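**Student:** with the input below, show me the fold.
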Amino acid sequence: MPIVVRSTKRTDLALGLAGLAWLQARRGRDEETRALAAEAIQVCVELGVRLYEVWATAALGELELGLGDAARAAEHFEEQRRLLRELGITDADLSPAAELVDAYTRLGRVNDAELVAAQFMTAAEAKGQPWSLARALRCRGLVVRDADHAEQFERALRFHAHTLDEFETARTQLAYGQRLRRARNRVLARAQLRAAVETFERLDARPWAERARSELAATGETVRRRDPSTIDELTPQELQIALLLAAGRTTREAAATLFLSPKTIEYHLRHVYQKLDITSRSEIADALGEDA
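**Tutor:** You can find the predicted model right below:
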């Protein structure tokens, strides 16, 4: 009996670690996500609990997709699909198809995106539930012709209205807004992108909020920050990066010092700029004042 209890606790640990990794991924918490996912996968391998390994792998994909590395995101989501096939799981709700279509579209892998979108639509229609159908229609909206995308996204939003997942709704609004902007329909694009920004900010999904703000700014609309920028708003890691750069370190030097990738340094640096209301590295020391 004690062995069973310990095993059960370890299984719960794997579930908790994978779930927390997934949450932190959406918030763009790079180090935390990678550490949690690695620990979750290690426990899963030790116990042979492959289902939670699927979720940890999904978290890594979510992280990379949010940070803008579509190639690495695609690798993780392809691994997630492989794990699901090995486990014989075909439930559309567990499929990373929506994320894969997003990644493939960003990479210009049009044929791959269209194939995955079509397969996912078939699976979602077979299940017949709003959440999967909304995600599948978003995929279709990403891959169809400009003349047809609005209908797909509008249908997706109607299905989202029957779910409680605000993050997925905002993902669809972001995708819709992007296509509207590229089709030069800026007025309608702004409405979708404003809604996406508001939701992402409220959920603290920072990478996604930043992406939606960038798209909104590209429509010509001035983007208002949610909160006033002060040094007190910097996270400990952001402050550490700001201090290193203010001291004259390069991105690569700061990355080596903190055991992070240069891309991660740049990601956090964007938040430093936003919170301190500055636009260049030369302004960091002045913004930090005596703290520099």
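
**Student:** what sits against the most centrally placed residue in the chain?
**Tutor:** The residue lying closest to the centre of the chain (Cα atoms, centre = their mean) is Gly66, at 3.2 Å. Counting by Cβ atoms under 8 Å, 6 or more residues apart in numbering, Gly66 touches 25-26, 28, 205, 207-208, 211. Yep, even glycine has a C-beta here, placed from its N, CA and C like the rest.

**Student:** turn the residues you listed into a markdown table, columns for neighbour count, pLDDT and distance to Ser282.
**Tutor:** Listed next are these as a markdown table, based on neighbours: other Cβ atoms under 10 Å; pLDDT from 0 to 100; distance: Cβ to Cβ, whole Å:
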| residue | neighbour count | pLDDT | distance to Ser282 |
| --- | --- | --- | --- |
| Ala25 | 28 | 93 | 32 |
| Arg26 | 21 | 92 | 33 |
| Gly28 | 23 | 90 | 25 |
| Ala205 | 25 | 92 | 30 |
| Pro207 | 23 | 91 | 25 |
| Trp208 | 25 | 94 | 29 |
| Arg211 | 19 | 91 | 26 |
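
**Student:** so can I have JSON lines of the residues you listed showing distance to Lys9 and secondary structure?
**Tutor:** Formatted as JSON lines, the contacts of Gly66 follow (distance: Cβ to Cβ, whole Å; DSSP: H, G, I helix; E, B strand; the rest coil):
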{"residue": "Ala25", "distance to Lys9": "24", "secondary structure": "helix"}
{"residue": "Arg26", "distance to Lys9": "27", "secondary structure": "helix"}
{"residue": "Gly28", "distance to Lys9": "30", "secondary structure": "coil"}
{"residue": "Ala205", "distance to Lys9": "31", "secondary structure": "coil"}
{"residue": "Pro207", "distance to Lys9": "33", "secondary structure": "helix"}
{"residue": "Trp208", "distance to Lys9": "34", "secondary structure": "helix"}
{"residue": "Arg211", "distance to Lys9": "39", "secondary structure": "helix"}
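
**Student:** CSV for these, including distance to Glu125?
**Tutor:** Below are the contacts of Gly66 laid out as CSV (distance: Cβ to Cβ, whole Å):
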residue, distance to Glu125
Ala25, 28
Arg26, 27
Gly28, 33
Ala205, 28
Pro207, 31
Trp208, 27
Arg211, 29
